[in-house]
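Asks: Give me a 3D structure for the following:
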Amino acid sequence: MIIVLKPNTPREEINEISNKLKERSLKPVEFDGVERTVIHVLGNVTDETANHFRSFNCVENIVRILKPFKLASKEHHTQKTVVKIGDVSIGNGDVVMIAGPCSVESEEQIMEAAEMLKKLDIKIMRASAFKPRTSPYDFQGLGIKGLKLLKKVREKTGILVETEIMDVRDVPIAAEYVDVLRVGARNMQNFDLLKELGKIRKPVILKRGMSATINEFVMAAEYILYHGNKDVILCERGIRTFETAYRNTLDVGAIAILKNLTHLPVIADPSHAAGNRELIAPLSKAAVAAGADGLLIEAHPHPEKALSDAAQSLYPEQLEKLMNELKPLCEALGKKLA
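Replies: You can find the predicted model right below:
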């Protein structure tokens, strides 16, 4: 439920409504506009409750939200959310490129990757310090050492850094070292992790689970929003279907649907959908055409030496070629590749 207050409602009347909502075990979330305050009410709102608050003199209107997700809904927030990461904006109409290796492997490797991105004017690097792997025998990431190397990348090159987070216990320390935290597909419904990420003030990229419906995906984002973090970016990364010709099926339609249902920025990860570097360019173009606000691309200075996801990592020259091919597409759509 949304309570729209009359213009210039006094603070004491706003507080009275908030306190009465709390008495009913409801959570009020205030949004102050230029002329009026809007209170979004979270919890089980009955018709009796809605009618009760409609009777207050300072209330101009009551709007019921019928979707299961409240804070992520456009009914809740009619303006598009723009997430700021340093001097980069995601969701403002441009297409933001986030690229880099799957994993932080060594200082030499990650610094070389940073230089690769800097030459192409890519402002955000993706690279995981913690790696969820199907096999316990595969490379699991460098952990805290990897976080320190990412911080060093930012300090030496000015490139913003993002990394995957897997464990609630690692959230505070990871937030100290990187600019963006990413929730991988396997952890989309790790609710304790989502709650913890809601308490920090760092942008979060939330990937869709490999078998998740659109509704389940947005409800996962709702957890982060509910606990206080409004800087959430949705990421379509492909879902598991019967098809085996590629790693996952990139749900291009999901990008358009999410842009229609929510006010949150939506990006795409064609690398994990493809599983094959030769497919990344066409999938990237399809995602941009569907309305994606950005792309999450795996690229490595030497993919043949990569310790994870080598087959889907672009060579430096392929990343440059992709950037050059995306620019005219973005321009045709009235956007800019950032």
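Asks: Farthest from the middle of this protein: give me that residue.
Replies: Distance from the centre of the chain peaks at N57, with 39.4 Å (CA atoms, centre = their mean).
Asks: Excluding chain neighbours, what is closest to I200?
Replies: A175 (5.1 Å; CB to CB, 6 or more residues apart in numbering). From N, CA and C alone the C-beta is placed, and that goes for glycine too.
Asks: distance of the one you found from L120?
Replies: A175 sits 27 Å away from L120, taking CB to CB, to the nearest Å as the criterion.
Asks: For the stretch 151-300 of the chain, just list every one of the strands.
Replies: Using DSSP state E, counting those that start in this stretch, the strands of the stretch 151-300 of the chain run over 160-164, 180-183, 204-207, 232-236, 266-268, 294-298.
Asks: Out of the ones you listed, which gets nearest to R247?
Replies: R247 sits nearest to strand 294-298 of all the strands of the stretch 151-300 of the chain, at 11.6 Å, using CB to CB.
Asks: who touches the helix or strand just after the closest one?
Replies: Once strand 294-298 ends, the next helix or strand along the chain (criterion: DSSP states H and E) is helix 316-332. For helix 316-332, contacts defined as CB atoms under 8 Å, 6 or more residues apart in numbering pick out 94-95, 97, 99, 116, 119-120, 122, 277, 280-281, 284-285, 288-289, 295, 297, 299, 301, 314, 336-337.
Asks: Dump stretch 270-289 to CSV, restricted to CA.
Replies: Extracted in CSV, the C-alpha atoms of stretch 270-289 (Å, rounded to 0.1, in the frame of the first residue of the first chain):
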residue,chain,number,x,y,z
PRO,A,270,26.1,-13.0,-22.3
SER,A,271,29.3,-14.7,-21.3
HIS,A,272,27.6,-17.2,-18.9
ALA,A,273,24.7,-17.7,-21.3
ALA,A,274,27.1,-18.5,-24.2
GLY,A,275,29.8,-20.5,-22.6
ASN,A,276,31.6,-19.9,-25.9
ARG,A,277,33.4,-16.7,-26.8
GLU,A,278,32.2,-16.9,-30.4
LEU,A,279,28.6,-16.3,-29.3
ILE,A,280,29.2,-13.4,-26.9
ALA,A,281,29.0,-10.6,-29.6
PRO,A,282,25.6,-11.6,-31.0
LEU,A,283,24.1,-12.2,-27.6
SER,A,284,25.4,-8.8,-26.4
LYS,A,285,23.8,-7.0,-29.3
ALA,A,286,20.5,-8.8,-28.7
ALA,A,287,20.6,-7.8,-25.0
VAL,A,288,21.2,-4.2,-25.9
ALA,A,289,18.4,-4.2,-28.5
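Asks: what mean pLDDT does it have?
Replies: Taken as a whole, stretch 270-289 carries a mean pLDDT of 96.
Asks: What residues sit buried inside it?
Replies: 270-275, 277, 279-281, 283-288 (16 or more other CB atoms under 10 Å).
Asks: Repeat that for stretch 47-55.
Replies: For stretch 47-55, a neighbour-count test (16+ other CB under 10 Å) marks 49, 53 as buried.
Asks: begin at 32 from here
Replies: Sure, I'll start counting at 32 from here, so that last one is stretch 78-86.
Asks: residues in contact with that stretch?
Replies: 32, 34, 48, 51-52, 55, 57, 90, 93, 95.
Asks: pLDDT and distance to D63 for the residues you listed - can I get that in a markdown table?
Replies: As requested, the contacts of stretch 78-86 are arranged in a markdown table below (pLDDT from 0 to 100; distance: CB to CB, whole Å):
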| residue | pLDDT | distance to D63 |
| --- | --- | --- |
| M32 | 87 | 18 |
| I34 | 93 | 13 |
| I48 | 95 | 14 |
| K51 | 94 | 19 |
| L52 | 94 | 17 |
| R55 | 93 | 22 |
| L57 | 93 | 19 |
| V90 | 94 | 16 |
| I93 | 92 | 18 |
| R95 | 81 | 22 |
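Asks: Widest-spaced pair of those?
Replies: K51 and R95 (18.0 Å).
Asks: ok, these two, which is more surrounded?
Replies: The neighbour comparison of K51 against R95 (other CB atoms under 10 Å) goes to K51, with 15 against 11.
Asks: Next up, identify which helix or strand that one is on.
Replies: Going by DSSP H and E, K51 is in helix 42-54.
Asks: Please apply the same query to V35.
Replies: With DSSP H and E as the test, V35 turns up in strand 33-36.
Asks: For that strand, give me every contacting residue.
Replies: 44-45, 48, 67-72, 84, 89-96, 106-107.
Asks: from the residues you listed, which would you call buried?
Replies: Among these, the ones that count as buried by 16+ other CB under 10 Å are 44-45, 48, 68-72, 84, 89-90, 93, 96, 106-107.
Asks: ok, back up a step: what residues are up against the residue nearest to I231?
Replies: 212, 231, 233.
Asks: Most neighbours among those residues, which one?
Replies: Ranking the contacts of A206 using other CB under 10 Å puts L212 first, with 22 neighbours.
Asks: That one is in contact with V235, isn't it?
Replies: Yes - in this structure, L212 is within contact of V235 by CB atoms under 8 Å, at 5.3 Å.
Asks: residues shared between the contacts of the two?
Replies: By CB under 8 Å, 6+ apart, L212 and V235 have these common neighbours: L228.
Asks: how far does stretch 82-91 stretch from start to finish?
Replies: 12 Å (CA to CA, to the nearest Å).
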